[in-house]
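Asker: Model the following, please.
(one chain, ligands or ions: 1)
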Amino acid sequence: MTTLTSSIAVEKVTNSRIKEVNFANLEFGKNISDHMFVVDFSSGKWGAPAIIPFGDLKFSPAMLSIHYGQSVFEGMKAFRTSSGKINIFRPHKHLERFNRSLDRMCMPPVPQDLWLSGLKALIEIDKDWVPDVEGASLYIRPVMFATESRLGVKVSDQFKFIILTCPVGPYQAKPYRLKVENKFVRTAEGGTGFAKCAGNYGGAFYPTQIAKEEGFDQILWTDHKGHKYIDEVGMMNVMFVLNGKLVTPQLSTAILDGVTRDSILTIARDLGKFQVEERRVSIDEIEEGFVQGTLTEAFGTGTAAVVAPIAVIHINGKDYQIPDAGPTSFQQQAKTKLNNMRMEVEPDAFSWNYLVNV
Ligand SMILES: Cc1ncc(COP(=O)(O)O)c(C=O)c1O
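Answerer: Numbers count the residues shown, from 1 in each chain. Next up is the predicted model:
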């Protein structure tokens, strides 16, 4: 196999913007790191990859992605570990999902070699942007979109793949108040819900805005056929401790295959504390769990928070409260374990860490 990235052309910034960043108070997505990785795909081939200063790019207003939505992204993180190394968490798993999303959107896959060498080179150059503050990390945003300039509805022949990064602080949101959605859908079985494509997010803005106006933080999405079964939460997957079991909706074409979901399920199975069930989860059984007192935990899982406690679920016009997740709760134990593994405090039992030389 030929190597695509034996050389990555590098153009460094003359003036780093890092002096402007307050690492003690990071606002998500505000401070994009000095450099970005860019590479074009055209006529069936990848072009020459480069790392250049982050900044504006020039595009045609007829570029296909802004008209027809061929745009796919990923979200992952790198951490400064206890031994001072930089660890990109599960980049292979993120690439698998990126390529599944690309395939669904008729876009070419990114080769592993290009993905890993681009990530490594970019993070080595912007290593000072990886926060050294407890709980903080470098958020990594790979994105690929159609760049062919043409107004006809068609699959683009040209794409741009970019990797951006930005330092992010510890996740501090208060426990969520969720609204069970029984009118709108995020996606449907057979649709694009399992793909991290831009349109899924744009389409969720409107119902989410309504839920926020009603006093909720996020939506608990339900199936498109009858709004009976749970899919996921806004930007997270969802898990419950119900009747002493860890229960989560099984993957389908309507649910994003969260990397954190997989990590938490793997840790749960390894701890052996609970039986783990990936299956259809109905709103009715969650409501019954509240009424009977058998629902003891509910939380979201995602790259941003690892686990985010849920405080309230609004079902059939009624707010059901969930007790606070204390330090002995499953969600807190799993979160600590995952953090310890990726910070090299505990052994990397599942080979999830990808350490970069800095
Ligand atoms: C719709 C959706 N579901 C679930 C997740 C959680 O996925 P992950 O754990 O890979 O961050 C995300 C975040 O990426 C998301 O956008």
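Asker: Helices along the chain, start to end?
Answerer: Taking DSSP state H as the criterion, the chain contains helices spanning 64-68, 91-104, 112-125, 198-213, 259-271, 283-292, 330-342.
Asker: Could I get the CA-only coordinates of the shortest one as PDB?
Answerer: C-alpha atoms of helix 64-68 as PDB (Å, rounded to 0.1, in the frame of the first residue of the first chain):
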ATOM      1  CA  LEU A  64     -22.400  21.300  -3.500                       C
ATOM      2  CA  SER A  65     -22.100  20.800   0.300                       C
ATOM      3  CA  ILE A  66     -23.900  24.100   1.100                       C
ATOM      4  CA  HIS A  67     -26.800  23.200  -1.300                       C
ATOM      5  CA  TYR A  68     -27.200  19.500  -0.800                       C
END
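Asker: related to what we said a few turns ago, switch the helices of the chain over to a markdown table; also include mean pLDDT and mean neighbour count.
Answerer: Bear in mind the C-beta positions are built from the backbone N, C-alpha and C, glycine included. A markdown table is the format used below for the helices of the chain (pLDDT from 0 to 100; neighbours: other Cβ atoms under 10 Å):
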| stretch | mean pLDDT | mean neighbour count |
| --- | --- | --- |
| helix 64-68 | 98 | 19 |
| helix 91-104 | 98 | 19 |
| helix 112-125 | 97 | 20 |
| helix 198-213 | 98 | 15 |
| helix 259-271 | 97 | 19 |
| helix 283-292 | 97 | 16 |
| helix 330-342 | 96 | 19 |
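Asker: Now that we have these, can you turn them into a markdown table and tack on distance to the ligand?
Answerer: Supplementary listing: the helices of the chain in a markdown table, determined by distance: least, Cβ to the nearest ligand atom, whole Å:
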| stretch | distance to the ligand |
| --- | --- |
| helix 64-68 | 19 |
| helix 91-104 | 7 |
| helix 112-125 | 16 |
| helix 198-213 | 7 |
| helix 259-271 | 3 |
| helix 283-292 | 18 |
| helix 330-342 | 11 |
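Asker: what's stretch 54-74 in contact with?
Answerer: Counting by Cβ atoms under 8 Å, 6 or more residues apart in numbering, stretch 54-74 makes contact with 32-36, 38, 94, 97-98, 101-102, 105-107, 140-151, 153-156, 159-160, 164, 195-199, all of which sit outside it.
Asker: Show me what counts as buried in stretch 210-223.
Answerer: Ala211, Phe216, Asp217, Gln218, Ile219, Leu220, Trp221, Thr222, Asp223 (16 or more other Cβ atoms under 10 Å).
Asker: now for that stretch, what's the gap between its first and last residues?
Answerer: According to Cα to Cα, to the nearest Å, stretch 210-223 extends 19 Å from its N-terminal end residue to its C-terminal end residue.
Asker: Same question for stretch 171-180.
Answerer: 24 Å.
Asker: can you tell if that stretch touches the ligand?
Answerer: No: for a cut-off given as Cβ under 6 Å from any ligand atom, stretch 171-180 has no contacts with the ligand; the smallest distance is 11.8 Å.
Asker: now what about that stretch, what contacts it?
Answerer: With contact meaning Cβ under 8 Å, 6+ apart, stretch 171-180 is reached by 135, 211, 214-220, 222, 227, 233, 283, 300, 304-306, 308-316, 319, 322, 324-325.
Asker: Read off the pLDDT value for the spatially most central residue of the chain.
Answerer: Centroid-nearest residue in the chain: Gly75, 4.2 Å away (criterion: Cα atoms, centre = their mean). Here, the pLDDT recorded for Gly75 equals 98.
Asker: which one in the chain is furthest away from the centre?
Answerer: Within the chain, counting by Cα atoms, centre = their mean, Gln292 lies farthest from the centre, at 33.6 Å.
Asker: This protein against the ligand: which residues are in contact?
Answerer: For the chain, the residues in contact with the ligand (Cβ under 6 Å from any ligand atom) are 75, 232, 235-237, 256, 258-261, 301-303.
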